[in-house]
Structure formats: structure tokens, C-alpha cells
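**Student:** only geometry, no sequence info:
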Ligand SMILES: Cc1ncc(COP(=O)(O)O)c(C=O)c1O
């Protein structure tokens with residue numbers, strides 16, 4: 001499909017404008033020279049809006065567009081304590097005058113830090129429930145979403161717009177299908193050989209990966225994506241990502257079935273002990289990028305994924321003429337709650 005036709009297929013879906021796009025795509029010359037392998041690039045989705053930025057700005061345009069089109073009066077979502085998705089939902093809802101209910105399946109921390117501090121600042125209603133909620137790989141993503149939908153219905157009442165963790169729906173993925181067009185255009189403008197481009201990104205719920213994967217497939221583009229699982233969060237996770245990418249193509253009237261075995265993701269290897277558990281390799285990766293390029297990553301998502309990229313480059317996984325684009329997905333507020341362990345490791 002041509003980029004114009006793909007964009008025209010997405011256009012009828014309700015949406016809001018929450019972001020300044022395109023986000024920059026720029027090289028990292030000092031890091032590339034230091035690593036001595038493929039050319040490393042950064043795609044700055046950390047600069048998306050609202051409320052402090054991050055990758056969830058793209059799915060939220062479509063998800064909240066749907067909420068507004070359906071005349072919903074409240075929005076419900078859930079995530080980990082340092083969920084950037086929850087924080088950006090809270091910010092966007094504040095701007096729309098829509099109450100946001102955020103569910104966290106953990107004990108209320110004694111101090112609200114990082115994303116939680118911002119959630120509160122944006123006026124969201126925070127619900128802390130210290131049990132269930134999934135995310136420990138005992139349940140599938142789909143079962144978790146069904147359970148939380150029920151719990152939130154009981155506690156926040158019926159009639160809300162329910163957004164699964166991370167915005168994990170086909171509509172949410174549209175933001176990254178569109179981003180595939182944006183990246184393809186940038187690669188073309190920069191004169192890079194698409195066959196040699198690989199986009200590396202963190203994976204939490206798989207919305208970003210499924211959207212890009214489906215997007216490049218719909219474009220018939222040779223640009224490859226490689227997700228790095230940062231959390232070991234869900235049982236049979238590749239099946240969930242394949243299902244989501246399949247659903248997006250169906251939603252856009254271009255049926256295609258993606259197989260779980262083909263999901264371009266390295267699962268578990270770089271997640272360390274688990275989701276939101278600090279990994280020393282991630283701390284080293286955060287320090288390296290900060291000191292060599294002046295760019296800050298976060299410890300939960302982008303730092304872990306970037307540590308994976310560094311390990312893969314070090315192991316000679318990519319030919320020297322590869323263009324590796326790291327998708328910086330944001331998450332900066334998540335740095336502050338980890339200040340003590342990060343500075344201790346420095
Ligand atoms: C900063 C950051 N990076 C990456 C991700 C993972 O994105 P996805 O849930 O689409 O896999 C998230 C998820 O919330 C995030 O907040």
C-alpha cells in the first residue's frame with residue numbers, strides 16, 4: 001500500500017491532536033564512533049506530548065478520540081506505579097476536562113514520586129489495590145485486561161471509556177501504524193537504504209511494536225523492527241502481539257494473519273528480574289547515553305532496551321552497514337524514583 005493510501009485509510013478514525021509531529025530522527029555520531037559498529041540513530045518519541053512526553057502520545061490520539069466520539073464522561077486505565085501511559089492519559093484527560101481514573105494493583109507508596117506525582121498533579125483519581133492486576137507472567141494480557149475491566153467497572157462505575165494497560169487495542173495501535181509512514185518518509189529523506197534499517201524499541205504491552213510491525217507490513221516496506229521485552233509481564237506474550245497486529249490489519253480492511261513465532265521480539269533476555277526491577281546493565285546504558293550524547297533514558301523501559309541494543313551490537317549481531325534506529329519512547333519521570341540506586345551504581 002502507498003503511504004498516501006495508508007494515511008487515507010486511517011483518516012476516518014476519530015482522533016485528537018495531542019502531539020507535535022514528526023518527531024526528530026537524528027544520528028548519534030559520538031556513540032557510533034565509540035561502539036565502532038552499525039550507525040546508531042535516535043527517533044525522539046520522547047518528545048511527543050502531552051504531560052511530559054513519551055510513546056503513548058501516539059495511541060492516545062486515537063483512543064481518546066474514540067472516547068470523545070462516544071461521548072464518554074470518564075476514562076479508566078491501569079498500569080504499573082510508574083506507568084507513563086497512565087500519566088499521559090491523566091494529562092490529556094485534564095486538557096479535555098474528562099475525569100481520569102487510574103488503577104494500580106499495588107500498595108499505595110508512602111510518597112508519590114515520578115509519574116505518580118504527576119498523575120496526582122493532573123487531578124487523576126488514583127486507585128491502589130494491592131492484589132491481582134497481572135504483570136507477573138502468570139496470566140495472559142487478555143485475561144488481565146478482562147479482570148481489570150470488571151474490577152474498574154465495580155469501583156469506578158459503568159459508562160466509562162475503558163483503556164487497557166498501555167492502550168493495548170487495535171485502535172491504540174493506529175498511532176504507530178501512522179508512525180511507520182512517518183519513519184519511512186524520514187528514512188527516504190535521509191537517503192538511507194531501507195533494507196539496512198532496523199528499529200529497536202522497548203516492549204511492555206506490545207502496542208508500539210504491533211503498530212510498527214503491522215504498519216511496515218501494510219506499506220510493503222523492508223524496514224525491520226526489533227522489540228526488546230523489558231518486563232516478562234505476560235504469559236504467551238508473542239501470541240498477544242501477533243493477535244493485535246492481525247487485528248489492526250483487519251481494522252484497516254487489509255486482512256493478514258501474523259504468527260506468534262514471527263513476532264520480532266527478544267523476550268525475557270534483557271528484562272532482568274522483572275518489570276520495573278532495576279538492572280545494572282540498564283543503569284550503565286543510561287549513564288553511557290547521557291554522558292556520550294546528552295540524552296536521558298529511563299530505568300524501566302528505554303534504559304533496559306538500550307542495554308539490549310548495546311549487548312547485541314557488542315555481540316556482532318548486526319552487520320557494520322546497518323542503520324540501527326533506537327526508538328526513544330520517553331519515560332523520564334520514571335527516573336526520579338530510582339535516583340538512589342542509580343547514583344549508588346554510578
Ligand atoms: C517509556 C515507555 N517505553 C516503552 C513502553 C512500552 O510500550 P508498549 O506498551 O507499547 O509496548 C512504555 C509503556 O508504557 C513506556 O511508558
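**Tutor:** The structure has been received and is ready for your questions. Note that this is a predicted model, so its numbers are computed, not measured.

**Student:** where does the stretch 151-300 of the chain come near the ligand, residue by residue?
**Tutor:** Contact residues (C-beta under 6 Å from any ligand atom) of the stretch 151-300 of the chain with the ligand: 166, 202, 203, 204, 205, 206, 207, 208, 209, 298. Backbone N, C-alpha and C define where each C-beta goes, glycine included.

**Student:** now, which of the residues you listed lie within helices?
**Tutor:** 207, 208, 209 (DSSP state H).

**Student:** among those, which ones are buried?
**Tutor:** Those of those that meet the buried threshold are 207, 208, 209, by 16 or more other C-beta atoms under 10 Å.

**Student:** quick one: low-confidence parts of this protein?
**Tutor:** Within the chain, the segments meeting pLDDT under 70 span 345-346.

**Student:** OK, contacts around residue 279?
**Tutor:** Contacts here follow C-beta atoms under 8 Å, 6 or more residues apart in numbering; on that basis residue 279 touches 270, 271, 272, 273, 304, 307.

**Student:** what do you get if the cut-off is 6 Å, keeping everything else the same?
**Tutor:** Residue 279 is in contact with 272, 304, counting by C-beta atoms under 6 Å, 6 or more residues apart in numbering.

**Student:** quick one: the helices in the stretch 51-200 of the chain?
**Tutor:** With helices called from DSSP state H, counting those that start in this stretch, the stretch 51-200 of the chain shows them at 57-69, 84-96, 115-121, 141-156, 170-189.

**Student:** redo those helices as TSV? Include distance to residue 43 and mean neighbour count.
**Tutor:** Shown next, in TSV, are these (distance: least, C-beta to C-beta, whole Å; neighbours: other C-beta atoms under 10 Å):
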stretch	distance to residue 43	mean neighbour count
helix 57-69	12	24
helix 84-96	17	26
helix 115-121	22	21
helix 141-156	25	17
helix 170-189	7	22
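
**Student:** of all these, which lies closest to residue 222?
**Tutor:** Minimum separation from residue 222 across the helices of the stretch 51-200 of the chain (C-beta to C-beta) falls at helix 170-189, 10.1 Å.

**Student:** packing partners of that closest one?
**Tutor:** Packing contacts for helix 170-189, counted by 3 or more C-beta pairs under 6 Å, 6 or more residues apart in numbering; DSSP states H and E, involve helix 3-10, helix 57-69, helix 207-219, helix 237-251.

**Student:** of all those, which lies closest to residue 324?
**Tutor:** helix 207-219 (14.6 Å).

**Student:** quick check, the residue in the stretch 1-150 of the chain closest to the ligand?
**Tutor:** residue 84 (3.2 Å; C-beta to the nearest ligand atom).

**Student:** just give the nearest non-adjacent residue to that residue, would you?
**Tutor:** Leaving aside its chain neighbours, residue 84 sits nearest to residue 54 (4.6 Å; criterion: C-beta to C-beta, 6 or more residues apart in numbering).

**Student:** rewinding a little: the helices of the stretch 51-200 of the chain into TSV, with extra columns for distance to residue 33?
**Tutor:** Formatted as TSV, the helices of the stretch 51-200 of the chain follow (distance: least, C-beta to C-beta, whole Å):
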stretch	distance to residue 33
helix 57-69	31
helix 84-96	31
helix 115-121	34
helix 141-156	40
helix 170-189	22
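
**Student:** for stretch 63-71, the distance to its chain's centre please.
**Tutor:** Averaging C-alpha positions (C-alpha atoms, centre = their mean, to the nearest Å) puts stretch 63-71 21 Å from its chain's average.
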